[in-house]
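*Asks:* How does the following fold in three dimensions:
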Amino acid sequence: MDNLPAPPRTVAESALTLTQFMQPEHSNSLGNVHGGVILKLCDECGGIVASRHARRPAVTVTVDSVTFHQPVLLGRLLLVHGRITWVGRTSVEVELRVEAENLLTGERTHTNSAYFVYVALDEARRPTPVPALALQDNDEQRRFAEGRRRQEARLARQGR
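*Replies:* Purely as a prediction, here's the structure:
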């Protein structure tokens, strides 16, 4: 394969909802789902979303932020919704929204929000260009602009 990016892709083309039922082996010392389990699932979902967009392997560059809004109880179905919010030359930002569903009532609780950044890799495991993002509506345009501001802040923190 060459290192030229594919045509622009939409947010919907790479979006994913990853689900997993939370069992006792996922619990922490308080009996809730361990934060590390949630982070692992976020990283898996985000990595799949990034690879789908790039059609290349994608690796985690940074976890921009993770907010724990509510604890996740055992016996809940965890849903990790991932979607691209911003793309650069070789990197993509993925927004992750985590919900816990009570299977008996159908009630869903928003438990976590996060932004992870991934870089696409070529066959030599070097950063490679990714497709542009074809923004479909005002919400996607707003999210892209917010993602650009987060990327600028990340670069500023690194002194670049």
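
*Asks:* can we go C-alpha only for contacts and neighbour counts from here?
*Replies:* Fine.

*Asks:* how about stretch 52-71 as CSV, C-alpha atoms only?
*Replies:* Extracted C-alpha coordinates of stretch 52-71, given in CSV (Å, rounded to 0.1, in the frame of the first residue of the first chain):
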residue,chain,number,x,y,z
ARG,A,52,-11.9,1.7,10.8
HIS,A,53,-11.4,5.3,9.8
ALA,A,54,-7.8,4.9,8.7
ARG,A,55,-8.1,1.3,7.4
ARG,A,56,-4.7,1.0,9.0
PRO,A,57,-3.5,-0.2,12.4
ALA,A,58,-3.9,2.6,14.9
VAL,A,59,-2.2,2.9,18.3
THR,A,60,-3.0,5.1,21.3
VAL,A,61,-1.0,8.3,21.5
THR,A,62,-2.7,10.0,24.4
VAL,A,63,-5.7,9.7,26.7
ASP,A,64,-6.8,13.4,26.6
SER,A,65,-9.3,13.1,29.4
VAL,A,66,-11.5,10.6,31.2
THR,A,67,-14.3,11.7,33.4
PHE,A,68,-16.0,9.2,35.8
HIS,A,69,-19.6,10.5,36.3
GLN,A,70,-21.1,7.5,38.1
PRO,A,71,-19.9,4.1,39.3
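
*Asks:* residues making contact with that stretch?
*Replies:* 5-6, 9, 13-14, 32-33, 43, 47, 50-51, 109-122, 130-131, 154 (C-alpha atoms under 8 Å, 6 or more residues apart in numbering).

*Asks:* And that stretch, what's buried?
*Replies:* 52, 53, 54, 55, 56, 57, 58, 59, 60, 71 (16 or more other C-alpha atoms under 10 Å).

*Asks:* hey, where'd the strands end up in the protein?
*Replies:* 9-10, 16-21, 58-68, 77-87, 91-101, 108-120, 133-134 (DSSP state E).

*Asks:* Just checking the distance from the second one to the centre of its chain.
*Replies:* Looking back up the chat, that one is strand 16-21. 12 Å (C-alpha atoms, centre = their mean, to the nearest Å).

*Asks:* any idea how far residue 122 lies from residue 31?
*Replies:* Here residue 122 is placed at a distance of 42 Å from residue 31 (C-alpha to C-alpha, to the nearest Å).

*Asks:* Which of the buried residues of stretch 52-71 fall in helices?
*Replies:* For the buried residues of stretch 52-71, the ones inside helices are 52, 53, 54, with DSSP state H as the criterion.

*Asks:* For residue 159, find the nearest of the strands of the chain.
*Replies:* For the strands of the chain, the distance to residue 159 is smallest for strand 58-68, at 15.5 Å, taking C-alpha to C-alpha.
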